[in-house]
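A.B. asks: Dropping the sequence and predicted coords here.
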There are 2 protein chains.
Amino acid sequence: MSAKPPAGSSVTSYDVARRAGVSQSAVSRAFRPGASVAPDTRDRIMAAARALGYAPNAIASGLITKRSHLAAIIISNLTNLYYPEVLAELTQRLSARGMRVLLFTLAAESDVDDMLDQVWRYRVDGAIVAARLSDAQLAQFADRGVPVVLYNRIGDAAPVASVCFDSGSGARALVDGLVAAGHRDFAIIGGPADSYVGEERVRAAAARLGHHGFDARLERGTFDHASGALAFRTLAATGLPDAVIAANDVMAIGAIDSARRDFGLAVPGDLSVVGFDGVGPATWHAYQVTTVRQPVRRMTDAAVAMLMERIETPGQTPEQRLFAGEILTGASARLKVTA
Amino acid sequence: MSAKPPAGSSVTSYDVARRAGVSQSAVSRAFRPGASVAPDTRDRIMAAARALGYAPNAIASGLITKRSHLAAIIISNLTNLYYPEVLAELTQRLSARGMRVLLFTLAAESDVDDMLDQVWRYRVDGAIVAARLSDAQLAQFADRGVPVVLYNRIGDAAPVASVCFDSGSGARALVDGLVAAGHRDFAIIGGPADSYVGEERVRAAAARLGHHGFDARLERGTFDHASGALAFRTLAATGLPDAVIAANDVMAIGAIDSARRDFGLAVPGDLSVVGFDGVGPATWHAYQVTTVRQPVRRMTDAAVAMLMERIETPGQTPEQRLFAGEILTGASARLKVTA
DNA sequence: CTGTTAGCGCTTTCAA
DNA sequence: TTGAAAGCGCTAACAG
């Protein structure tokens, strides 16, 4: 195993240099891939480094190279079942490209400006944002020259690079299937009004229903189970719908639970419920939600690729990439697929 | 709004000093709480800083103070429903104490040593580990003088500071309740054999059953839904049990789904199923898992407090804190509570 | 290929 | 209370 380091302070490249009988800059080179170092010199250096437990100080090198190899990931509500997978994927992909992840989560009461201040202090090379930031806050990234990619958000004021799920096509497919199967009384359970994806799903579904000559009642939730159930009860108070389109799977599940428990409805016998995202629990036997799955792998891959491009070549145009989903036919809705 | 910074390179304390008509060290002091700066000098400096969009470079200050204000959080499988909440809580609590989070997730195939190398390079002030590291890997933290707190793990070889859920008392209470309610044929769905909490739950449940004069068949899963369902099918192949103790809620749900779908059993009529953790979906109407809830808030609070103590005062004894859970009475099991 | 040298942006004595 | 000066550990020309 590695020998004890000088107990207390951390080992520097000078320590390694002394032990290997070379200059400090030789040590620096030995750790830079593609630097010109004689093979046996490098071996001697690496042996010395290993013996001392030396690891290059990324803090110090970042100071001079102006590359921290740090990417900020800013996520609002990790408790949304959909985000853990996204975070895990992003982290792994960034890691594979030599970047470390500085994680920022936003509590409901948290001060976003304080958080951004920390982002600036750490001189991150870039950021991936899956949280609602104001236009002014978003503008700071541009002002400071920090590349940023929005995830399932778009820049309202100035255009910003972003990766988004195209809920529209999925919403239309779901609506078409529900209409073809003979549903007549539609209800939509939306997300908070300031949620980009939530609104898009509501808009697209409503528009497509309109196209078919139907309209829908709308109730809003907060993307969690309880709010889905509550929204369904509220809707039911003015008459039971025969089809519910929820803006995400968890609210769809909440609605199913309420329909069964509070109203004794059979799903999908009496009521069809569809959702969005394709989270794990949506496939569980008791729910089997018919939903539109987001291609999380492809989306996170794109987000990281776009970020890295912008870090390596500043001044790229603010591309916006859209990803269509795939209908996951569950058992929570009677759907007639018009192929 | 803030004026444009010098377009391109980032603003330094020298820029601020020049604009405020003071020395660079005055700027440095102005940003250190409790440093001796005249109030009006500080105001001038802050005004200049704001105008230039200056944020102190944490990378540079870390180099000299030897405090990066970075804490590594190392988590193995974020997709385990239980971890996102833990991660969110840890991040917020660390943030409240002026620490930033450097996140490391472990993919199944990922090289732990490479990951640790990155941890060392960033000179983190400390780490919270919710992943299985080898004794040798754990030992490196001590060798390098990096404080570490284990989360739901313990140090096998050398003692390490840790925060753990005491599954034992919960397991015993569950078993007592199941036995009192008249169950006779017990099965346990455990986690992977190398999971600390998983094993503790299995051991405690088996021991308590033994104490009551029962034994239990054991099948192992991987903490996910599919493995819970599979384990139940495997158990059922050698006879249907009348009580299943699963090492976590998600496997309990998997077992319930399999029992209902594959064997037409009523839960809890024909079969009682209990779990551990108290994750959100466990309370959903279709499952309502009777479980032992981990006190995540108190545990994350303790983990962060212990870490900060060790960062601020090195050389503390390796305390181990245990937290008991609370039985959440659902509707997935017939339980007679012997108060 | 290797060593020398000059900083990166900041904190911290030490004098004034 | 303030400024000057010396680094923190490293990278990056530039000579040799």
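C.D. replies: Nice, thanks for sending it over.
A.B. asks: Got the phi and psi for A:Val101?
C.D. replies: Backbone torsions for A:Val101, taken as degrees, to the nearest 10, come to phi -110, psi 120.
A.B. asks: Surely it is in contact with A:Arg93?
C.D. replies: No: contact criterion C-beta atoms under 8 Å: A:Val101 and A:Arg93 do not qualify, at 10.0 Å. For every residue, glycine as well, the C-beta is placed using N, CA and C.
A.B. asks: Compare the two (neighbour count), which wins?
C.D. replies: Just comparing A:Val101 and A:Arg93: by other C-beta atoms under 10 Å in any protein chain shown the higher neighbour count belongs to A:Val101, 23 against 19.
A.B. asks: And the more buried one, how far from DNA strand C?
C.D. replies: Look at A:Val101 and DNA strand C: by C-beta to the nearest atom of the strand, to the nearest Å, they are 23 Å apart.
A.B. asks: pLDDT wise, what is that residue at?
C.D. replies: According to the prediction, A:Val101 has pLDDT 98.
A.B. asks: Report the central residue of chain A.
C.D. replies: In chain A, the residue lying closest to the centroid (C-alpha atoms, centre = their mean) is A:Val86, at 4.4 Å.
A.B. asks: does it sit in a helix or strand, and which one?
C.D. replies: Using DSSP states H and E, A:Val86 sits in helix A:83-96.
A.B. asks: Now that helix: average pLDDT?
C.D. replies: The pLDDT scores in helix A:83-96 average 96.
A.B. asks: Low-confidence bits of chain A, can you list those?
C.D. replies: For chain A, the stretches with pLDDT under 70 are A:1-9, A:338-339.
A.B. asks: Can you list the residue ranges for helices in it?
C.D. replies: Applying DSSP state H to chain A gives helices spanning A:13-20, A:24-30, A:39-52, A:58-65, A:83-96, A:112-121, A:135-144, A:167-180, A:196-211, A:225-237, A:249-263, A:296-312.
A.B. asks: wait, which of these is closest to B:Arg233?
C.D. replies: In terms of C-beta to C-beta, the element of the helices of chain A nearest to B:Arg233 is helix A:249-263, at 24.2 Å.
A.B. asks: So which elements touch the helix holding A:Val86?
C.D. replies: Here helix A:83-96 touches strand A:70-75, strand A:100-105, strand A:126-130, helix A:296-312, helix B:83-96, strand B:100-105, going by 3 or more C-beta pairs under 8 Å, 6 or more residues apart in numbering or on different chains; DSSP states H and E.
A.B. asks: quick one: which of those is nearest B:Ala259?
C.D. replies: helix B:83-96 (26.5 Å).
A.B. asks: quick revisit: for the helices of chain A, which one ends up most surrounded?
C.D. replies: The highest average neighbour count among these, using mean count of other C-beta atoms under 10 Å in any protein chain shown, belongs to helix A:249-263 at a mean of 25.
A.B. asks: follow-up on the earlier one: and the helices of chain A as a markdown table, adding distance to A:Ala187?
C.D. replies: Shown next, in a markdown table, are the helices of chain A (distance: least, C-beta to C-beta, whole Å):
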| stretch | distance to A:Ala187 |
| --- | --- |
| helix A:13-20 | 66 |
| helix A:24-30 | 65 |
| helix A:39-52 | 65 |
| helix A:58-65 | 53 |
| helix A:83-96 | 26 |
| helix A:112-121 | 34 |
| helix A:135-144 | 33 |
| helix A:167-180 | 11 |
| helix A:196-211 | 10 |
| helix A:225-237 | 5 |
| helix A:249-263 | 9 |
| helix A:296-312 | 28 |
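A.B. asks: Let me see the contact set for A:Gly278.
C.D. replies: A:Gly278 is in contact with A:Asp249, A:Thr291, A:Val292, A:Arg293, A:Gln294, A:Gly325, A:Glu326, A:Leu328, counting by C-beta atoms under 8 Å, 6 or more residues apart in numbering or on different chains.
A.B. asks: And it, how far from chain B?
C.D. replies: Separation of A:Gly278 from chain B (C-beta to the nearest C-beta, to the nearest Å): 14 Å.
A.B. asks: Check A:Ala71 too.
C.D. replies: Distance of A:Ala71 to chain B, computed by C-beta to the nearest C-beta: 10 Å.
A.B. asks: pretty sure A:Val274 contacts A:Asp176?
C.D. replies: No: counting by C-beta under 8 Å, A:Val274 does not reach A:Asp176; the two are 11.6 Å apart.
A.B. asks: Would you map out the domains in chain A?
C.D. replies: Following the TED database, one gets these domains for chain A: A:13-56, A:67-165+A:296-324, A:167-294.
A.B. asks: Tell me which of these lies nearest to B:Asp257.
C.D. replies: Among the domains of chain A, the nearest to B:Asp257 by C-beta to C-beta is domain A:167-294 (3.7 Å).
A.B. asks: How many residues are close by the residue nearest to A:Leu218 when sequence neighbours are not counted?
C.D. replies: Once flanking residues are discounted, A:Leu218 sits nearest to A:Ile188: 4.9 Å by C-beta to C-beta, 6 or more residues apart in numbering or on different chains. Other residues near A:Ile188 come to 26 when the count uses other C-beta under 10 Å.
A.B. asks: can you check A:Met99 too?
C.D. replies: For A:Met99, the neighbour count with other C-beta under 10 Å is 23.
A.B. asks: ok, it to A:Arg321 distance?
C.D. replies: 19 Å (C-beta to C-beta, to the nearest Å).
A.B. asks: if I look at the residue in the stretch 151-300 of chain A positioned nearest to DNA strand D, how far off is A:Met115?
C.D. replies: Taking C-beta to the nearest atom of the strand, DNA strand D has its nearest neighbour within the stretch 151-300 of chain A at A:Ala161, 26.0 Å off. Separation of A:Ala161 from A:Met115 (C-beta to C-beta): 20 Å.
A.B. asks: Distance from the chain centre to the helix holding A:Val86, please.
C.D. replies: Helix A:83-96 has its C-alpha centroid displaced from the chain centroid by 8 Å (C-alpha atoms, centre = their mean, to the nearest Å).
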